[in-house]
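Visitor: take this sequence and fold it.
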Amino acid sequence: MKTFAIGDKVAVLDADMKGTVLKVSDNQIIINTEDGFSMDFTPKELVKIVNEQQELSKFSDIHMQQMLKEKQIESTKRTFKKSPKIDKLPAMEVDLHIHHLISSTRGMSNYEILSLQLEEAERKIQFAKSKKIQRVVFIHGVGEGVLQQALTDLFQKYQVDFYAAPFQKYGMGATEIYIYQNAKD
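Guide: Presented below is the predicted three-dimensional model:
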């Protein structure tokens, strides 16, 4: 531990400031700066100026290289891998147009078609949750909005965030959901 005595010439490590020690206590040193101000510091914040030293900035090259090396080691310890932004991750796309789900709708009522589309949507939400996929785009088309309203009810049941999918890519007939992933899921 550094020891200081009244009358020692000192410099502040993190500032361009020098002074003379006025008072020393356990973890506090009061100095009188060259500008005439009294200021408090901890021993760790100060360095004693020895008579042979003209300026603190005149370290030997070896000492300076050692300090830079230590600083470099500290900075590498603090680095960590950033997770990719959610916006950059591709979303899973699910096309709910009936002709993508089955080959023929012959003999099916509108209710049966809607039920089939909702079952597919629910399966895809469960799949996305199980595989930790956070973003899913459901392509439903514009139409009369019956499927879109039924999907809204389904999304609320699963407590997922949902919003219109990017217009530039999907137009008006798609909804994107965001699934919050819990560690215990």
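Visitor: can you name the next helix or strand after the lengthiest strand in the chain?
Guide: In the chain, assigned by DSSP state E, the strand with the most residues is strand 18-24. The first helix or strand that comes after strand 18-24 along the chain, using DSSP states H and E, is strand 29-33.
Visitor: partner strands of that next one, with direction?
Guide: Strand pairing for strand 29-33, using DSSP bridges, gives strand 18-24 (antiparallel), strand 38-41 (antiparallel).
Visitor: how close does the residue in the chain sticking out farthest from the centre get to His97?
Guide: Outermost residue of the chain with respect to the C-alpha centroid, by C-alpha atoms, centre = their mean, is Gly107; its distance is 52.4 Å. Gly107 sits 19 Å away from His97, going by C-beta to C-beta, to the nearest Å. All C-beta spots, glycine's among them, are computed from the backbone N, C-alpha and C.
Visitor: just Gln126 next, same as before
Guide: Using C-beta to C-beta, Gln126 is found at 21 Å from His97.
Visitor: what do you get for Ser103?
Guide: Using C-beta to C-beta, Ser103 is found at 13 Å from His97.
Visitor: same question, Glu34
Guide: Distance of Glu34 to His97, computed by C-beta to C-beta: 80 Å.
Visitor: and Lys132, by the same measure?
Guide: 27 Å.
Visitor: with neighbour numbers in mind, choose between those two.
Guide: Comparing Lys132 with His97 by neighbour count (other C-beta atoms under 10 Å), the higher total belongs to His97, at 13 against 9.
Visitor: pretty sure the more buried one contacts Ile139?
Guide: Yes: under the criterion of C-beta atoms under 8 Å, His97 makes contact with Ile139 at 6.9 Å.
Visitor: mind listing the helices for the protein?
Guide: Along the chain, counting by DSSP state H, helices occupy 61-78, 98-101, 110-130, 146-157, 167-170.
Visitor: buried set for the second one?
Guide: Just to be clear, that refers to helix 98-101. Neighbour-count burial for helix 98-101, counted by 16 or more other C-beta atoms under 10 Å, picks out Ile98.
Visitor: excluding chain neighbours, what is closest to Thr20?
Guide: Using C-beta to C-beta, 6 or more residues apart in numbering and skipping the chain neighbours, the partner closest in space to Thr20 is Asn32 (5.2 Å).
Visitor: please name the residues that touch that neighbour.
Guide: For Asn32, the contact set (C-beta atoms under 8 Å, 6 or more residues apart in numbering) comprises 19-20, 22, 38.
Visitor: okay, it: pLDDT?
Guide: Note on Asn32: pLDDT of 93.
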